[in-house]
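>>> mind folding the following:
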Amino acid sequence: MIPDLLAKGHKPDAIRYALIAAHYRSQLNFTWDGLGQAAAALERVRSFLQRAGEVETSGPVSAAVEAAVTKALGAFDAALGDDLNTPEALSAVHVLVGEANSLLAAGEMTREGAARVRGAIEKMDTVLGVLLPQGEDRLSAEEQALFDERQDARRKREFARADEARRKLEALGIILEDSAKGTRWRRKR
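All right, here's what the predicted structure looks like:
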């Protein structure tokens, strides 16, 4: 069954997430929708991590960030201590990401605060092994060359060339997101 899912283009990390999202004592109710939700949940975590990595403001970790991290780590540990309740452990991760996203949107996140949240997510991922990208966090040589070509074309205001490079990247499964802070990329799910 797993090779069939991979052959249909589903990512291994989304499959793993879908499997651990059910308690080990419960029967797994596998659905295509559930697999899509698993991929979307991973994307939310990874998207936050990418945005948090772009925080430029320096300063101490705010009390709100520290409280969110402490609460999430406590809930995570309690869930695992409760008969290895992985669905509740994943919930703790997503509550943290939601609170951190709110703080980020409100401008209350510093680089140090973002690093604190990332450290908590990395700590949780030492148990889950699915939250952080595994091998997909880098562009291949061909993808990087196209990305660099697009950036160069945009700087030179050669928009037709930039659009062509973007189309080639999209054909390779790379989605580009332009913002005031630069261009981010992510892999198509």
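
>>> let me see the ranges of the strands in this protein.
In the chain, the segments counted as strands under DSSP state E are 174-179, 182-187.

>>> among those, which comes closest to L131?
Go through the strands of the chain one by one with CB to CB and the one that ends up closest to L131 is strand 182-187, at 15.0 Å. Quick note: C-beta positions are derived from backbone N, CA and C, even for glycine.

>>> nearest spatial neighbour of the most centrally placed residue in the chain, skipping sequence neighbours?
Nearest residue to the geometric centre of the chain (CA atoms, centre = their mean): R46, 0.9 Å. Nearest non-adjacent residue to R46, counting by CB to CB, 6 or more residues apart in numbering: P133, 6.1 Å away.

>>> might one say that the one you found is in contact with E43?
No. Look at P133 against E43 with CB atoms under 8 Å: they stay out of range, at 10.4 Å.

>>> for the nearest residue to F159 once chain neighbours are set aside, list the residues it contacts.
Excluding the flanking residues, the one nearest F159 by CB to CB, 6+ apart is A153, at 7.3 Å. Residues near A153 by CB atoms under 8 Å, 6 or more residues apart in numbering: 159, 161-162, 165.

>>> all helices of this protein, in order?
2-7, 12-20, 32-52, 63-81, 86-105, 111-128, 141-155, 159-171 (DSSP state H).

>>> now what about the fifth one, what contacts it?
This means helix 86-105. By CB under 8 Å, 6+ apart, helix 86-105 touches 17, 20-24, 41, 44-45, 48, 51-52, 55, 62, 64-65, 68-69, 71-73, 75-76, 78-80, 82, 109, 113-114, 117, 120-121, 124, 127-128, 131.

>>> on that earlier part again, which one of the contacts of A153 sits closest to F30?
For those, the nearest to F30 is A165 (38.6 Å; CB to CB).

>>> export the lowest-mean-pLDDT helix or strand in the chain to PDB, keeping only CA atoms.
In the chain, no helix or strand scores lower on mean pLDDT, DSSP states H and E than helix 2-7, which sits at a mean of 79. C-alpha atoms of helix 2-7 as PDB (Å, rounded to 0.1, in the frame of the first residue of the first chain):
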ATOM      1  CA  ILE A   2       2.800   2.500   0.900                       C
ATOM      2  CA  PRO A   3       4.500   2.000  -2.500                       C
ATOM      3  CA  ASP A   4       1.100   2.700  -4.200                       C
ATOM      4  CA  LEU A   5       0.800   6.000  -2.300                       C
ATOM      5  CA  LEU A   6       4.300   7.000  -3.200                       C
ATOM      6  CA  ALA A   7       3.600   6.100  -6.900                       C
END
